[in-house]
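1. model this:
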Amino acid sequence: MPIRILIADDHGLLRAGLRALLRDEPDMAVVGEAIDSEDTIQKALELRPDVILLDISMPGRGGLEVTRFLRKSLPGTRILILTVHEDEDLLREAIRLGASGYIIKRAVEAELVHAIRAVWRGELYIHPAMTRALLKDLAPPPSEASPVEPLTPRELEVLRRIALGYTNRQIAEEMGISIRTVETHRANLMGKLGVNSRVELVRYAREHGLI
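-> Numbers count the residues shown, from 1 in each chain. All right, here's what the predicted structure looks like:
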């Protein structure tokens, strides 16, 4: 079954561009579009999509209020905020209200596709440009920081690039390995370090002087 996606944005050209982009992904299907907050809520309740691409500046209630409402009404639906705003407070509030991801509209196509798959799997996705905004919220006191685990040289290379905001594709191209191998290294890193998201990997790398 493909990932069922609802596109919620008041700009018709953007919706058309997203629809065209996602049409080329065999594991994704756009099941509906919405043009304002009330339309988004109505379509979401009717279609029950897997993922909603939600503009934070939607006319009406606004994306944050829609996020709050839908997280209570459709707990199984993932909400990926799609916005032009590179604002730390908006990011924190969106995550607090239950958004599964926050991506900037200037993101390259591959990043958006990766973000959709990530939130669908239940991961938290934060656009690399905004990752550092959460570091001080997640970082424990220095005395609680765990020692560096015995990572392999290859894992350290992958970790550094993840922390610098590289996508899986960019890491694969730069290291001369497959995307699947990058994903395997990432899974191994999370297992060894006991973390559950890219944000926590970035925090770990920063705490231990890897970036």
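2. sec struct for Leu54, please.
-> Assigned by DSSP: H, G, I helix; E, B strand; the rest coil, the conformation of Leu54 is strand.
3. now the strands for the chain?
-> In the chain, the segments counted as strands under DSSP state E are 3-8, 28-34, 51-55, 78-83, 101-104, 125-126.
4. possible to save these as CSV with mean neighbour count and mean pLDDT?
-> No exception for glycine: its C-beta is placed from N, CA and C like everyone else's. As requested, the strands of the chain are arranged in CSV below (neighbours: other CB atoms under 10 Å; pLDDT from 0 to 100):
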stretch, mean neighbour count, mean pLDDT
strand 3-8, 23, 97
strand 28-34, 19, 96
strand 51-55, 26, 96
strand 78-83, 25, 93
strand 101-104, 24, 90
strand 125-126, 24, 84
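5. domain assignment for this protein?
-> Following automatic domain parsing, one gets these domains for the chain: 3-133, 139-207.
6. and those, which is most packed in?
-> Among the domains of the chain, ranked by average contacts under mean count of other CB atoms under 10 Å, first place goes to domain 3-133 (a mean of 18).
7. And it, how far out from the chain middle?
-> What separates the centre of domain 3-133 from the centre of its chain is 9 Å, taken as CA atoms, centre = their mean, to the nearest Å.
8. Relative to Leu201, which of the strands of the chain is closest?
-> Closest to Leu201 of those, according to CB to CB: strand 125-126, at 11.2 Å.
9. Which elements pack onto the closest one?
-> strand 101-104, helix 109-120, helix 198-207 (3 or more CB pairs under 8 Å, 6 or more residues apart in numbering; DSSP states H and E).
10. How about the contacts made by the closest residue to Val84 other than its chain neighbours?
-> Once flanking residues are discounted, Val84 sits nearest to Lys105: 5.0 Å by CB to CB, 6 or more residues apart in numbering. Counting by CB atoms under 8 Å, 6 or more residues apart in numbering, Lys105 touches 14, 82-84.
11. Done for today, thanks.
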